[in-house]
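K.L.:
turn this into a model:
(4 chains)
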Number of protein chains: 2
Amino acid sequence: MVYRGHSEGGAAVTQLILASFPFHGALMAAGERLTKSTSLTAARWQVLSVVARAERLETVANISRIMGLTRQAVQRIADDLEKHGFITFEPNPHHKRAQLVAVTPEGLRAFELIKSRQIPWANALATQIDVSELKVAIEVLAKLKTLMIDQFGE
Amino acid sequence: MVYRGHSEGGAAVTQLILASFPFHGALMAAGERLTKSTSLTAARWQVLSVVARAERLETVANISRIMGLTRQAVQRIADDLEKHGFITFEPNPHHKRAQLVAVTPEGLRAFELIKSRQIPWANALATQIDVSELKVAIEVLAKLKTLMIDQFGE
DNA sequence: CCCAATATGACAATATGTTGTCAAATAGGA
DNA sequence: TCCTATTTGACAACATATTGTCATATTGGG
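P.N.:
Sure, this is the predicted structure:
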């Protein structure tokens, strides 16, 4: 009844979306637990993670694209991180306004602490699921994301 | 480098999480477009969808569990929906405080309008992805969600 | 080179969601 | 039944993210 008009695939897409909301909720809750009693919140940790993982220094605008958030949301979090000494804004030789975000030693310490919790947490979860299925899910989410964005352009 | 210490599966779980954030962002943006120029926002549409799809009248607390949000977040949205005439709160014979949420004709009309946009949108996306892969992704998200919540209890 | 389109940071207003707390209602075991 | 634990709605404070707008910087086509 609910899916009348949906093709089989369309119904599956819709079901995936319906499944993704509680998944996202559980994920956020897990993020809160992983950052508990540290100097970071889940949101700040996520931004810091992108910076710490990046191959090179990134601008705020670029971080926002990687994360799928707005520029302004990331900017606010980045300002908080800078205020607390976890990152610094470095001059960008290619752009006067778009400064580059660099992790401080303190930021790196905080990131590593949470990573030391995140790794066993992820490993424990992974024992319960097929790696091949995880990989399919990764590809599906990445592809659907791209399709949704492309669809927007049309 | 980033995934040192992760098992193969643990790295895949982490990659899935990293993929899920931009996916969620794209999803929210799509929700905004689907509800554009209607009397609903994406968040209100999501709550209304749960109510409209449910087999029977649900309480706010139950809706929050279905959606993976807090009770309070859903309560605020539900109060907005009631104020705008999309839902009503009906007496619950089994619980004096926990009223049941019912869709009004106006709420149903708004839901159906957005549904008429959502169906072709989902169908179009689905033509680009294997249904079997979508189904795997649905199962993975559902299972991981459960695992994350169970892990919390321990 | 020049200029229009685009990207970026800053700022404000608002929407959305969380935690914490409280009192009332309910449920379940002793 | 009684009593404790849990559930629920209400309210408040706050964190997080969005849209809209503006001025400045950059880019790319003509």
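K.L.:
Provide the strand pairings for the lengthiest strand in chain A, with the direction of each partner.
P.N.:
Ordering each strand of chain A by length in residues (DSSP state E) puts strand A:95-103 first. If you go by DSSP bridges, strand A:95-103 pairs up with strand A:58-59 (antiparallel), strand A:87-92 (antiparallel).
K.L.:
does stretch A:21-37 reach DNA strand D?
P.N.:
No - Stretch A:21-37 stays clear of DNA strand D (CB under 7 Å from any atom of the strand), getting no nearer than 7.9 Å. All C-beta atoms are positioned from the backbone trio N, CA, C, and that covers glycine.
K.L.:
what's the answer for stretch A:114-128, then?
P.N.:
No - figure legend: stretch A:114-128 not in contact with DNA strand D (CB under 7 Å from any atom of the strand); closest approach 13.4 Å.
K.L.:
so which of the strands paired with strand A:95-103 is the most packed in?
P.N.:
strand A:58-59 (a mean of 20; mean count of other CB atoms under 10 Å in any protein chain shown).
K.L.:
contacts for it, please.
P.N.:
A:Val50, A:Val51, A:Ile66, A:Asn92, A:His95, A:Ala98, A:Gln99, A:Leu100, A:Val101 (CB atoms under 8 Å, 6 or more residues apart in numbering or on different chains).
K.L.:
that strand - what's its average pLDDT?
P.N.:
Strand A:58-59 shows a mean pLDDT of 95.
K.L.:
on that earlier part again, just send the strands paired with strand A:95-103 back as CSV, with distance to A:Val131 too.
P.N.:
As requested, the strands paired with strand A:95-103 are exported to CSV (distance: least, CB to CB, whole Å):
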stretch, distance to A:Val131
strand A:58-59, 29
strand A:87-92, 33
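K.L.:
nearest to A:Arg117, of these?
P.N.:
strand A:87-92 (20.6 Å; CB to CB).
K.L.:
pLDDT of the closest one, averaged?
P.N.:
The model assigns strand A:87-92 a mean pLDDT of 94.
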